[in-house]
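[1] Sequence and predicted structure are below.
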Amino acid sequence: MPIADLTLDTNVLLHSCNPIEIRHTAALKFIKDLLASTTHLAIDPGFHPDSAKNRSLIGGEYLEKLVPGTLPSEVLIQMALAGRISIFADSVDAQTAKKLNQLVTNKRDRTFVKVCSNSSGRLFVSHDFDDFPKKKRKVLGDLFNIEIEESNVCGCRL
């Protein structure tokens, strides 16, 4: 059964445009498969493809870092036009938020985790092993009941 939605780290999108990145081919295949699938992107409230109207942290990172006209930028636009952006809360209970703050220092990274934990698919696709090393992925997975995977691992599930 296809994944209803997933939370996608910006670095996967950026890696699809960088041929010297070792995960370039996997990232490129993943975003092409994502576009061809029915899976939605899970994003925090306030997303708008017009950066002047956007209030979403995840959407803001996408709009800030993706170069207009590149494949990932066009995939984001196509998914938005097709109604394949799903909005999920970017909050969790206070006790869990405190644990998350201790585990993840970057506010945007915490937003990705919170949105993922509130999404239907509970899958976070990321190539970030600095902020999300293997051990931390396991701890976050157990704490939030989510999976944090690289694009090459979860692409076949779309």
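    Structure's in. What do you need?

[2] can you map out the helices along the chain?
    Secondary structure of the chain (DSSP state H): helices located at 10-15, 24-36, 57-65, 71-81, 94-103, 107-118, 134-144, 151-154.

[3] Pull the number of nearby residues for the spatially closest residue to F144 that is not a sequence neighbour.
    Nearest non-adjacent residue to F144, counting by CB to CB, 6 or more residues apart in numbering: S117, 4.0 Å away. Every residue, glycine included, has its C-beta placed from N, CA and C. Using other CB atoms under 10 Å, S117 has 23 other residues around it.

[4] mind checking pLDDT for the residue of the chain positioned farthest from its centre?
    The C-alpha centroid of the chain is most remote from Q95, which lies 23.5 Å away (CA atoms, centre = their mean). Note for Q95: predicted pLDDT of 95.

[5] and if you look at M1?
    Reported pLDDT for M1: 68.

[6] ok, now how distant is D44 from D90?
    Per CB to CB, to the nearest Å, D44 is found 4 Å from D90.

[7] what touches both of these two?
    When contacts are counted by CB atoms under 8 Å, 6 or more residues apart in numbering, D44 and D90 have 57, 111, 114-115 as shared neighbours.

[8] quick one: which two of those residues are the most distant?
    L57 and K114 (10.0 Å; CB to CB).

[9] Test my guess that E150 contacts R23.
    Yes: using CB atoms under 8 Å, E150 is in contact with R23, at 6.9 Å.
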